[in-house]
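In: All I have is the shape, not the residue letters:
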């Protein structure tokens with residue numbers, strides 16, 4: 001399953017800051033290379049404006065981020081521009097907001113430590129899947145923004161760009177467990193992800209509930225570099241993997257671990273997501289029923305494009321409510337299209353219909369693709385609302401999670417259609433698969449029977 005800094009001022013910077021109120025972004029200091037040109041040449045061009053990321057409008061992820069950072073375009077695409085990230089936009093951020101790094105999404109996205117923006121989910125740390133920028137580079141960008149983010153002029157100490165202090169040394173913020181009697185916490189202990197490697201692992205663990213639990217809220221926290229985390233249940237409870245044993249999907253040489261792959265065929269999605277910091281509450285009066293003494297297969301997928309190992313670690317809280325508060329017990333929707341053929345160098349729209357053999361009401365929907373998924377639509381199939389689009393997401397990494405009030409009512413024989421636009425900018429045909437270079441197309445959600 002797949003798609004989520006610092007403060008001393010030089011004398012020169014202090015002088016520039018004292019003059020900034022009378023300066024505009026057009027000012028120049030001819031005797032020095034401008035701060036933004038250094039950011040472009042030493043950071044953006046090397047780490048961000050690369051094929052498949054922020055190089056051109058033909059990049060597969062462009063529809064999601066809408067941001068080209070090549071030389072000659074980057075500044076106008078950053079300065080005082082509204083972000084596409086819904087949470088950042090709602091919080092009043094710009095991509096770069098002059099004189100205010102804490103209101104600049106560009107600054108937040110480069111910083112591994114998310115405590116500086118209250119742990120809010122502004123998307124994955126950049127550069128995506130690669131080693132984070134050095135502390136000095138991030139501080140240089142912070143100072144440039146605080147000095148007004150001018151296109152011309154040297155306003156930050158260029159020596160900071162030679163500082164190779166790692167920026168990812170801030171301790172991982174542990175997720176506090178629910179208070180006694182209000183829920184359960186499960187944890188994947190810290191593990192290593194080798195350089196230039198995708199690690200997907202499974203560990204079956206007990207939830208710890210001795211009686212039926214009704215889950216109405218999910219909270220997840222993961223270290224940077226995660227692609228997704230899922231709690232799986234099981235189709236056949238008589239054929240389970242051993243408890244507390246780490247099972248990798250890939251061997252150290254990258255080949256598939258056949259036994260682990262076969263065990264995946266026994267999985268049923270229960271809870272999960274792709275956001276590094278996720279907090280989701282089910283619609284009022286609904287909850288997912290979890291049987292006594294349940295065990296889940298904890299599934300974590302990390303990818304590391306860097307040259308040194310990175311740590312993975314995951315916490316998940318399942319908050320519960322009393323049965324008396326539950327008017328409708330939810331079941332899981334897991335509707336996948338595994339028949340995908342996405343031709344190279346073009347956009348492909350693939351649809352699949354799913355129908356139900358009972359009357360149901362849908363309480364929540366969300367989607368899952370990998371990085372070529374440009375747009376995911378869910379339509380109603382059949383009945384008086386046939387063809388109506390009820391869900392749209394253009395962010396494969398952080399897909400929309402939509403609660404429906406009123407619920408979506410579907411009668412026996414009616415259903416849902418997944419209509420997915422894939423933008424394959426690669427030279428290869430892409431098909432369904434498990435790695436980040438493959439694709440998926442899944443409708444997830446929760447419903448109850450009438």
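Out: Done, it's in. Given the structure is predicted, the values throughout are model-derived calculations rather than measurements.
In: just the helices in this structure please.
Out: 11-19, 35-39, 62-65, 74-78, 86-90, 105-109, 135-146, 258-263 (DSSP state H).
In: For residue 173, which of the ones you listed is the nearest?
Out: helix 105-109 (15.3 Å; C-beta to C-beta). For the C-beta atoms, the positions are set from N, CA and C on the backbone; glycine is no exception.
In: which secondary structure elements does that closest one contact?
Out: helix 135-146 (3 or more C-beta pairs under 8 Å, 6 or more residues apart in numbering; DSSP states H and E).
In: Show me how far the helix it packs on is from its chain's centre.
Out: Computed by C-alpha atoms, centre = their mean, to the nearest Å, the separation of helix 135-146 from the middle of its chain amounts to 25 Å.
In: what does the average pLDDT come to for stretch 403-421?
Out: Stretch 403-421 comes out with an average pLDDT of 95.
In: that older thread, can I get the helices of the chain in a markdown table with mean neighbour count, distance to residue 385 and mean pLDDT?
Out: Output for these, formatted as a markdown table (neighbours: other C-beta atoms under 10 Å; distance: least, C-beta to C-beta, whole Å; pLDDT from 0 to 100):
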| stretch | mean neighbour count | distance to residue 385 | mean pLDDT |
| --- | --- | --- | --- |
| helix 11-19 | 14 | 58 | 35 |
| helix 35-39 | 22 | 50 | 93 |
| helix 62-65 | 20 | 27 | 74 |
| helix 74-78 | 18 | 39 | 92 |
| helix 86-90 | 15 | 26 | 83 |
| helix 105-109 | 24 | 37 | 88 |
| helix 135-146 | 24 | 48 | 89 |
| helix 258-263 | 13 | 39 | 92 |
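In: May I see these organised as TSV, with distance to residue 269 added?
Out: TSV is the format used below for the helices of the chain (distance: least, C-beta to C-beta, whole Å):
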stretch	distance to residue 269
helix 11-19	51
helix 35-39	42
helix 62-65	23
helix 74-78	37
helix 86-90	24
helix 105-109	29
helix 135-146	37
helix 258-263	15
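In: Please identify which of these is closest to residue 278.
Out: Here helix 86-90 is closest among these (C-beta to C-beta), at 11.7 Å.
In: Tell me the gap between the closest one and the middle of its chain.
Out: So, by C-alpha atoms, centre = their mean, the centroid of helix 86-90 is 15 Å from its chain's centroid.
In: Kindly report the same for stretch 152-160.
Out: 33 Å.
In: what is the mean pLDDT for it?
Out: On average, stretch 152-160 scores 91.
In: Is residue 292 in contact with residue 206, as I believe?
Out: No: if you go by C-beta atoms under 8 Å, residue 292 and residue 206 don't touch, sitting 10.8 Å apart.
In: show me where pLDDT drops low in the stretch 51-200 of the chain?
Out: 59-61, 63, 112-121, 123, 128-131, 166-171 (pLDDT under 70).
In: coming back round to it: which stretch among the helices of the chain comes nearest residue 190?
Out: With C-beta to C-beta as the criterion, residue 190 lies closest to helix 258-263 of the helices of the chain, at 20.4 Å.
In: elements contacting the closest one?
Out: Against helix 258-263 (3+ C-beta pairs under 8 Å, 6+ apart) you get strand 247-248.
In: Can you list the strands that the strand it packs on pairs with?
Out: Sheet pairing for strand 247-248, assigned by DSSP bridges, gives strand 197-206 (antiparallel).
In: Give me the contacts around the strand it pairs with.
Out: 186, 188, 191, 193, 227, 232, 240-250, 254, 260, 263-264, 293-304, 312, 434-436 (C-beta atoms under 8 Å, 6 or more residues apart in numbering).
In: buried residues in that strand?
Out: 197-205 (16 or more other C-beta atoms under 10 Å).
In: didn't residue 147 look like it was pressed against residue 155?
Out: Yes: between residue 147 and residue 155 there is a contact at 3.8 Å, judged by C-beta under 8 Å.
In: Looking at those two, which is more packed in?
Out: residue 155 (27 against 22; other C-beta atoms under 10 Å).
In: Could you check how far the more buried one is from residue 141?
Out: 11 Å (C-beta to C-beta, to the nearest Å).
In: what do you get for residue 73?
Out: 18 Å.
In: try residue 322
Out: 49 Å.
In: do the same with residue 268
Out: 45 Å.
In: Equivalent analysis for residue 264, please.
Out: Counting by C-beta to C-beta, the gap from residue 264 to residue 141 is 41 Å.
In: likewise residue 364?
Out: Residue 364 is 38 Å from residue 141, where distance means C-beta to C-beta.
In: what does residue 348 give?
Out: As judged by C-beta to C-beta, residue 348 and residue 141 stand 37 Å apart.
In: One more: residue 194?
Out: 29 Å.
In: closest one to residue 441 among the helices of the chain?
Out: Using C-beta to C-beta, the nearest of the helices of the chain to residue 441 is helix 62-65, at 15.7 Å.
In: same for that closest one, what does it pack against?
Out: strand 373-381.
In: Number of residues surrounding residue 162?
Out: For residue 162, using other C-beta under 10 Å, the count is 11.
In: Tell me where the stretch 151-300 of the chain has strands.
Out: According to DSSP state E, counting those that start in this stretch, the stretch 151-300 of the chain carries its strands in the segments 183-193, 197-206, 213-222, 226-234, 247-248, 267-273, 277-281, 286-290, 295-304.
In: Just put these in a markdown table and tack on distance to residue 400.
Out: Shown next, in a markdown table, are the strands of the stretch 151-300 of the chain (distance: least, C-beta to C-beta, whole Å):
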| stretch | distance to residue 400 |
| --- | --- |
| strand 183-193 | 25 |
| strand 197-206 | 24 |
| strand 213-222 | 16 |
| strand 226-234 | 16 |
| strand 247-248 | 31 |
| strand 267-273 | 11 |
| strand 277-281 | 11 |
| strand 286-290 | 18 |
| strand 295-304 | 21 |
